[in-house]
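1. below: sequence and its predicted model.
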Amino acid sequence: MIAENLKRIKGELPENVVLVAVSKTKPIEDLKIAFDTGQRIFGENKVQEMVSKSELLSKEIQWHFIGHLQRNKVKFLAPFVSLIHGVESIRLLKEINKQAAKNKRIIEVLLQFYIADEESKFGLTLEEAIAILASDDYKDLQNICVRGVMGMATYSSDQEKIRNEFKALHHIHKTLKNQFFSGEETFDVISMGMSGDFQLAIEEGSNMVRIGSTIFGSRN
């Protein structure tokens, strides 16, 4: 089923949209099936689980960290992580930069924004992000690359509400692009949309979707 699900979803995605297969809690065997079907980008939200999986699976895999990242755990991901999705403070950016420098790498990150109507979600406001990007602290960071923005919509059946939240994130990306990254082609990612709402997210400008249960089945 995993191979069939992957092929079906990839057939639905426009060419410009990157698929992150959210493999958290899933066994190595499931990831191998997805890998053998051609999937190369996997998303995990627990540091230790991601580290152990990375040691057992192909070095071709790009690992995306999609959960809430604690600063004291960054050092474990720094040698190999491809993209950190949920950055929401200058303190975390500084720690990622420090650990990237130790590993002689530039680590790519997304700024996470609070677009939902739920207290359980994390993220920056547009004003907070502008303050970070305008700060001297940020300008000193040489070992990170901010690739774009990410956010999660409210878990709701109200399609118009979800659409408006995705529109808000697209607007945030456009604002930051104009203000801080106008000449930089690398600031190009709008990561929004999961199993239940990725079609809507793509309609509103998403070019990276995080899909788990629709590929692997419901979470363990």
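-> In hand now; what should we look at? Numbering: from 1, shown residues only.
2. now stretch 84-98: buried residues?
-> In terms of neighbour count (16 or more other CB atoms under 10 Å), stretch 84-98 has its buried residues at 84-88, 90, 92-98. Bear in mind the C-beta positions are built from the backbone N, C-alpha and C, glycine included.
3. for stretch 130-150, same thing?
-> Buried residues in stretch 130-150, counting neighbours by 16+ other CB under 10 Å, are found at Ile130, Ile132, Leu133, Tyr138, Leu141, Asn143, Ile144, Val146, Arg147, Gly148, Val149, Met150.
4. before we move on, back to that, tell me the least confident of the buried residues of stretch 84-98?
-> Lowest pLDDT within the buried residues of stretch 84-98 is found at Gly86 (88).
5. that one contacts Gln112, correct?
-> Yes. Judged on CB atoms under 8 Å, Gly86 makes contact with Gln112 at a distance of 4.3 Å.
6. before we move on, the earlier item: save the buried residues of stretch 130-150 as CSV, and put in pLDDT too.
-> Formatted as CSV, those follow (pLDDT from 0 to 100):
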residue, pLDDT
Ile130, 97
Ile132, 97
Leu133, 98
Tyr138, 97
Leu141, 97
Asn143, 98
Ile144, 97
Val146, 98
Arg147, 98
Gly148, 98
Val149, 98
Met150, 97
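7. now list whatever residues contact both of Gly86 and Gln112.
-> Common contacts of Gly86 and Gln112 (CB atoms under 8 Å, 6 or more residues apart in numbering): Phe122, Gly123, Met150.
8. who touches the last one in this structure?
-> Shown here is Met150, whose contacts under the criterion CB under 8 Å, 6+ apart are His85, Gly86, Leu110, Leu111, Gln112, Phe113, Leu169, Val189, Ile190, Ser191, Met192, Met208.
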